[in-house]
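*Asks:* fold the stuff below for me.
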Amino acid sequence: MRRLKEGIREAAGRLRRHGASVLLAALAAAVAFALAGALFGPENAFFAPIAAVLSVGLGGGRRMLRTIEISGGVLVGVLVGELVSLLPLPTPVALAIAVALGMGTAVSVRASPLLSNQAAVAAVVTMVLTPVTQAAPFLRLGDAVLGGMVALAIAVPATLRPERALRVGVRAVTDREAAVVDRLAAALRGERVDVDAAVRDVTAATTAAESLDDAIRAARESVRLGRRARELRRGTARAARMRAEWQDLAASIAALARATRALLREHREGRSAAAHVAQLAEAVRAVTGWAVGPEPIPETDALRHELRELARSLTVDLGGQLAARERVLLSVARTAVVDLLRMTGMSHRDAVEAATSVPPA
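*Replies:* Numbering: from 1, shown residues only. Here you go, the predicted model:
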């Protein structure tokens with residue numbers, strides 16, 4: 001039952017993150033079909049809704065590139081399909097030749113799965129439709145281009161505030177980790193917490209990380225389009241740095257959860273460690289706030305100072321008398337702080353030195 005509830009919660013979270021893209025795709029398909037039907041006739045409005053849906057997609061970024069690749073793939077596929085359909089060949093043989101030529105031509109231009117697959121699909125559809133329709137080839141091409149234009153017309157205004165998508169993407173990744181660390185601190189204080197579920201929550205954050213990837217791509221596309229370029233470039237760089245270091249932080253928190261579980265299995269409470277783990281959760285939230293904040297320069301120094309103090313307090317405690325399991329737990333917590341320091345732009349060497357050096361008394 002617990003796993004069923006977790007699965008439902010994960011599904012609801014994915015739907016919340018991608019719901020806007022689903023609605024955009026539905027709207028783009030409807031508008032593209034209506035416009036193509038008005039221009040070329042409803043019987044020829046075939047490629048437009050397909051191109052519109054593929055151009056919008058679930059991903060928030062690279063819509064311009066996707067639209068160009070889809071339109072180019074349709075162009076190649078339509079031309080190849082029309083030419084091969086003129087040959088007196090059996091349909092299976094003609095289809096094989098059309099797909100090979102379409103994909104081969106597309107790959108020679110750009111080794112993109114979207115471009116090559118769209119060329120192959122367009123070639124197949126063209127050959128299948130040619131015997132039953134009398135539409136001119138340029139109508140099918142115009143149909144696809146229209147779909148891509150509709151997708152851009154709908155999607156670009158919908159991403160006028162990519163910084164919001166960055167904030168949502170960053171928080172989707174880090175809020176989960178902070179919540180897990182909070183639960184570990186509660187377990188160390190003696191509260192009843194399912195530590196195994198905490199481990200699963202960390203390892204199941206891949207979908208949230210993919211959403212952050214989409215947001216970063218969308219923001220970079222917006223920078224190229226010139227919207228609030230300087231501010232957005234800073235936010236994108238911070239989010240990208242967090243994403244690059246996220247895997248290590250997730251691994252450290254998963255190790256922290258396992259160390260907590262091992263300590264509790266010895267029927268030992270880690271009340272002294274609980275305070276450090278609770279501070280680690282706050283540190284994760286602090287890095288999140290820095291990553292989505294408006295101006296990084298003055299905040300970065302203060303954040304790094306806070307992280308260094310936490311790491312040094314862990315180092316001091318590690319120098320005392322500790323049980324083996326508790327020593328492992330604090331060491332892993334310090335490693336997580338090093339990961340957070342790296343998220344702020346510090347090199348690994350500087351982060352380790354800052355975390356392990358203790359000023360003389």
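
*Asks:* hey, which helix or strand in the protein has the poorest pLDDT?
*Replies:* Across the helices and strands of the chain, mean pLDDT, DSSP states H and E gives its lowest value to helix 206-224, namely a mean of 62.

*Asks:* for whichever helix or strand comes after that helix, enumerate the helices and strands it packs against.
*Replies:* The helix or strand immediately downstream of helix 206-224 is helix 229-265, counting by DSSP states H and E. Helix 229-265 sits against helix 162-188, helix 195-203, helix 206-224, helix 271-291, helix 324-343, with contacts defined as 3 or more C-beta pairs under 8 Å, 6 or more residues apart in numbering; DSSP states H and E. (Each C-beta comes from the backbone N, C-alpha and C, glycine too.)

*Asks:* which stretch in those has the least confidence?
*Replies:* Lowest mean pLDDT of the helices and strands packed on helix 229-265: helix 206-224, a mean of 62.

*Asks:* domain assignment for the protein?
*Replies:* Annotated domains of the chain cover 19-158, 162-356 [automatic domain parsing].

*Asks:* report the separation between the spatially closest residue to V145 that is not a sequence neighbour and A100.
*Replies:* Using C-beta to C-beta, 6 or more residues apart in numbering and skipping residues adjacent in sequence, the residue nearest V145 is S71, 5.0 Å away. Distance, S71 to A100, by C-beta to C-beta, to the nearest Å: 21 Å.

*Asks:* show me which of these two is the more surrounded one.
*Replies:* Neighbour totals were compared for S71 and A100, and S71 leads with 22 against 14 (other C-beta atoms under 10 Å).

*Asks:* just checking, what packs against the helix or strand that one falls within?
*Replies:* Here S71 sits within helix 63-85, counting by DSSP H and E. Here helix 63-85 touches helix 47-56, helix 91-109, helix 113-129, helix 137-158, helix 206-224, going by 3+ C-beta pairs under 8 Å, 6+ apart.

*Asks:* can I get it in PDB, CA atoms only?
*Replies:* Extracted C-alpha coordinates of helix 63-85, given in PDB (Å, rounded to 0.1, in the frame of the first residue of the first chain):
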ATOM      1  CA  ARG A  63      11.600  24.400 -29.600                       C
ATOM      2  CA  MET A  64      13.100  26.400 -32.400                       C
ATOM      3  CA  LEU A  65      15.600  23.600 -33.200                       C
ATOM      4  CA  ARG A  66      12.900  21.000 -33.000                       C
ATOM      5  CA  THR A  67      10.600  22.900 -35.300                       C
ATOM      6  CA  ILE A  68      13.400  23.300 -37.900                       C
ATOM      7  CA  GLU A  69      14.300  19.600 -37.700                       C
ATOM      8  CA  ILE A  70      10.700  18.600 -38.000                       C
ATOM      9  CA  SER A  71      10.100  20.800 -41.000                       C
ATOM     10  CA  GLY A  72      13.300  19.700 -42.600                       C
ATOM     11  CA  GLY A  73      12.500  16.100 -42.000                       C
ATOM     12  CA  VAL A  74       9.100  16.400 -43.600                       C
ATOM     13  CA  LEU A  75      10.700  18.200 -46.600                       C
ATOM     14  CA  VAL A  76      13.200  15.400 -47.100                       C
ATOM     15  CA  GLY A  77      10.600  12.700 -46.500                       C
ATOM     16  CA  VAL A  78       8.000  14.200 -48.800                       C
ATOM     17  CA  LEU A  79      10.400  14.600 -51.600                       C
ATOM     18  CA  VAL A  80      11.800  11.100 -51.300                       C
ATOM     19  CA  GLY A  81       8.400   9.600 -50.900                       C
ATOM     20  CA  GLU A  82       7.100  11.400 -54.000                       C
ATOM     21  CA  LEU A  83      10.000  10.300 -56.100                       C
ATOM     22  CA  VAL A  84      10.000   6.700 -55.000                       C
ATOM     23  CA  SER A  85       6.300   6.400 -55.500                       C
END
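
*Asks:* that one versus helix 47-56: what angle between them?
*Replies:* Per axes from the mean of the first three to the mean of the last three C-alpha atoms, to 10 degrees, the angle that helix 63-85 makes with helix 47-56 is 140 degrees.

*Asks:* can you redo the domains of the chain as JSON lines with distance to L4?
*Replies:* Shown next, in JSON lines, are the domains of the chain (distance: least, C-beta to C-beta, whole Å):
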{"stretch": "domain 19-158", "distance to L4": "22"}
{"stretch": "domain 162-356", "distance to L4": "13"}
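
*Asks:* can you check which of these gets nearest to A11?
*Replies:* domain 162-356 (10.0 Å; C-beta to C-beta).

*Asks:* now that closest one, how far from the chain's geometric center?
*Replies:* Taking C-alpha atoms, centre = their mean, to the nearest Å, one finds the center of domain 162-356 at 18 Å from the center of the full chain.

*Asks:* what do you get for stretch 29-49?
*Replies:* 32 Å.

*Asks:* go through it and flag the buried ones.
*Replies:* Buried residues in stretch 29-49, counted by 16 or more other C-beta atoms under 10 Å: 29, 31-33, 35-37, 40, 44-49.

*Asks:* can you check stretch 347-357 too?
*Replies:* Buried, per 16+ other C-beta under 10 Å, within stretch 347-357: 351-352, 354-355.

*Asks:* quick check: phi and psi at G41.
*Replies:* phi 100, psi 140 (degrees, to the nearest 10).
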